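1. need a 3D model of the following:
(2 chains)
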Amino acid sequence: MKLEVELRHPMQGFTLDVAFAAPPGLTVLFGRSGSGKTTVINAVAGLLNPERGRVALGDQVLQDSASRTWLPPHRRRMGYVFQDARLFPHLTVRQNLGYGRWFAGRAGPASPAQVIEMLGIGSLLDRRPGALSGGERQRVAIGRALLSNPRAILADEPLAALDEARKAEILPYLERLRDETRIPILYVSHSAAEVARLATTVIVLQDGRVIRQGSAAEVLADPAVTPLGARAAGAILTARVIAHHTDGLTELESGGERLFLPRIAQPEGTELRLRIPAQDVILSRQRPEGLSALNILSGHVAQIRSGDGPGALVSVSTRAGTVLARITRRSAATLELHEGTPCHAVVKSVAIAPEDIGR
Amino acid sequence: MAWLGPDEWQVVALSLKVSAWATALSLPLALLVAHALARGRFPGKTLLNGLVHLPLILPPVVTGYLLLLGFGPTGTLGQALASVGLTLAFHWTGAALAAAVMGFPLMVRAIRLSIEAVDPKLEQAAATLGASRIWVFATVTLPLILPGLIAGTILGFAKAMGEFGATITFVSNIPGQTQTVPSAIYAFLQVPGGESAATRLVMISVALALGALLASEVLARRAARRVAGT
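-> Model prediction:
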């Protein structure tokens, strides 16, 4: 089942004009604050009536301004996870979880017991939302949306209001959600790390327009697409855990290349997604020797994008996948880097933070 | 209450009956109007707001006289109601109507403030979970405004117990029929030697008012704790 969205709506300073499709899996609407992401998701939920638009889920049309179709929010069956949780303060956690389920009439594919177990909220059931931490509240909100037997899930920056520790607590649950449900998830975010860990599909929004859409690996490796600026750029590699070494390093394999990272608490054989921040990648024409960095990926330059500033973003095709490197324009000139130039990308093991590693 | 004569007891009982009916009948309408004023967007909202608050500003005698014009034996509404067997003028039902009209703005105000304090985002969340507008109101809005609802009800009841000007103008001061506590106190003070009876009724008034305030305090606190979600 696919979620198809076409919207046109006047906003402050620009007109939102987007058209995209979210396949099953997790689709991230990615862009900086004020690019119209929340407006899109609210329109899909029916909380906002756009000037013109069409939203369809599978073969059911939820709204179509051409045929004057408009389903009110309570008949759309969209599980919405808000940034601020929005639990009902007068109900216990158990009653909050049961709220949408009661209106759904019939049970969805996920039983309350499964959802409660998956989100680890079994010990909170008799508490009121006021007595929960931010992370706990957000997990309950995810459970409440799931149990309403939704046909799609909408999430509006569900982690933005949380500190790093709480984010780290919830991200694994979102990964499980992505892998264990078969319905489309539309997820709004302005965090590159979240995109890298969660997205199957990325739709990049800028000033109300879709400037790029595609798979996460493809979009994030494109030096021309940096909605948050070059500083936040970084490509994704898929790697498999090979071995845990006694000196605290974990060895991974990706496309035949070996990578060494600080200990990752995942069993051998696990497939992982690694986000390699572009500014932590060094490029070299010769294979470097006598270097403390452990990870050297060989390949050739795929694309160079230099802006007006001193920096340049270079994408390098390697056997492990495409890596982005943020270097200076001067270096690019000195090294005589052009499309097709063979080179080596050097990544320090400690440059990849735990929040950049997902499943 | 041996120290209260049968006539005085009748006065207190009538006052309680009038106030209870006035409060019970105006509460649903007050809730409706408060919701419309807090959340609605419709032409004539300012006018409705003014109309609701009018009895608060008009001299009560004027309100009573207007009621007499409208609901009296010669009034259009009065004749219409009389044809279905409901007499208001110079009858305890009229006292209830006068008390309801006078207490209405206080009720609407308290309820409206509490509705405005409910985060519409919670109502949106309920809608995305499958609740239609009526269900959103019943399961989210209503429980959250309970403290305001209680405060409004008690305020309205207290106002009804104390209503004098509009009542005496509209339904006069007939013992056993329309003589409420304030009317009775007024009547006792007009005759020589009536002070002791008036004093007893004054004490009843004070006790009822204090009781109502205490009750509202306790109920509102309990409801507020519930709403805070801790």
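2. quick one: residues contacting the closest residue in space to residue A:307 that isn't next to it in sequence.
-> With CB to CB, 6 or more residues apart in numbering or on different chains as the measure, residue A:230 is the residue that lies nearest to residue A:307, at 7.3 Å, once sequence neighbours are left out. Where C-beta positions appear, they are placed from N, C-alpha and C, glycine not excepted. Residue A:230 is in contact with A:278, A:279, A:307, A:311, A:313, A:326, counting by CB atoms under 8 Å, 6 or more residues apart in numbering or on different chains.
3. what subset of those residues is buried?
-> Restricting those to buried positions leaves A:278, A:279, A:311, A:313, A:326, with burial counted as 16 or more other CB atoms under 10 Å in any protein chain shown.
4. among the residues you listed, name the ones in strands.
-> Applying DSSP state E to those, the entries found in strands are A:311, A:313, A:326.
5. tell me what the helix or strand containing residue B:35 is packed against?
-> Using DSSP states H and E, residue B:35 sits in helix B:6-39. Counting contacts by 3 or more CB pairs under 8 Å, 6 or more residues apart in numbering or on different chains; DSSP states H and E, the secondary-structure elements packed against helix B:6-39 are helix B:45-57, helix B:92-117, helix B:146-162, helix B:181-190, helix B:195-228.
6. assign whatever residue of the stretch 151-300 of chain A ends up closest to chain B to helix, strand or coil.
-> With CB to the nearest CB, the shortest gap between the stretch 151-300 of chain A and chain B falls at residue A:154, namely 7.9 Å. Classification of residue A:154 into helix, strand or coil gives strand, according to DSSP: H, G, I helix; E, B strand; the rest coil.
7. what's the burial count for it?
-> A count of neighbours around residue A:154, defined by other CB atoms under 10 Å in any protein chain shown, yields 28.
8. repeat for residue A:60
-> Using other CB under 10 Å, residue A:60 has 12 neighbouring residues.
9. contacting residues for it?
-> By CB under 8 Å, 6+ apart, no residues touch residue A:60.
10. just grab the bridge partners of it for me.
-> Note on residue A:60: beta-bridge partners by DSSP bridges are residue A:57.
11. excluding its backbone neighbours, what's nearest residue 173?
-> Because you didn't say which chain, this covers chain A. Here the nearest residue to residue A:173 in space, its sequence neighbours aside, is residue A:119; by CB to CB, 6+ apart that works out to 5.5 Å.
12. wait, I meant chain B there
-> Counting by CB to CB, 6+ apart, the residue nearest residue B:173 is residue B:183, at 4.5 Å.
13. sorry, back to before: residue A:8: which of the buried ones among the contacts of residue A:230 is nearest?
-> Distance ranking of the buried ones among the contacts of residue A:230 against residue A:8, using CB to CB, places residue A:313 first at 32.0 Å.
14. quick one: residues contacting that closest one.
-> If you count contacts by CB under 8 Å, 6+ apart, residue A:313 has them with A:223, A:226, A:230, A:233, A:278, A:304, A:305, A:306, A:324, A:325, A:326.
15. from memory the last one sits against residue A:281, does it?
-> Going back to what we said before, that points to residue A:326. Yes - between residue A:326 and residue A:281 there is a contact at 7.2 Å, judged by CB atoms under 8 Å.
16. ok so, going back, would JSON lines of the helices and strands packed on helix B:6-39 with mean pLDDT and mean neighbour count be doable?
-> What follows is the helices and strands packed on helix B:6-39, written out as JSON lines (pLDDT from 0 to 100; neighbours: other CB atoms under 10 Å in any protein chain shown):
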{"stretch": "helix B:45-57", "mean pLDDT": "93", "mean neighbour count": "14"}
{"stretch": "helix B:92-117", "mean pLDDT": "93", "mean neighbour count": "24"}
{"stretch": "helix B:146-162", "mean pLDDT": "89", "mean neighbour count": "23"}
{"stretch": "helix B:181-190", "mean pLDDT": "92", "mean neighbour count": "19"}
{"stretch": "helix B:195-228", "mean pLDDT": "83", "mean neighbour count": "15"}
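17. between those, which gets nearest to residue A:358?
-> Shortest separation from residue A:358 across the helices and strands packed on helix B:6-39 is recorded for helix B:195-228, at 36.7 Å, computed as CB to CB.
18. please name every helix or strand in contact with that closest one.
-> helix B:6-39, helix B:142-144, helix B:146-162, helix B:181-190.
19. give me that answer again for 6 Å
-> Other helices and strands packing on helix B:195-228, by 3 or more CB pairs under 6 Å, 6 or more residues apart in numbering or on different chains; DSSP states H and E, are helix B:146-162, helix B:181-190.
20. residue A:64: which of those is closest?
-> With CB to CB as the criterion, residue A:64 lies closest to helix B:146-162 of those, at 40.4 Å.
21. name the residues that touch the helix or strand following the closest one?
-> Heading C-terminal from helix B:146-162, the first helix or strand you meet, by DSSP H and E, is helix B:165-171. Judged by CB atoms under 6 Å, 6 or more residues apart in numbering or on different chains, the contacts made with helix B:165-171 from elsewhere in the structure are B:60-61, B:63-65, B:67-68, B:90, B:94-95, B:98, B:102, B:178, B:183.
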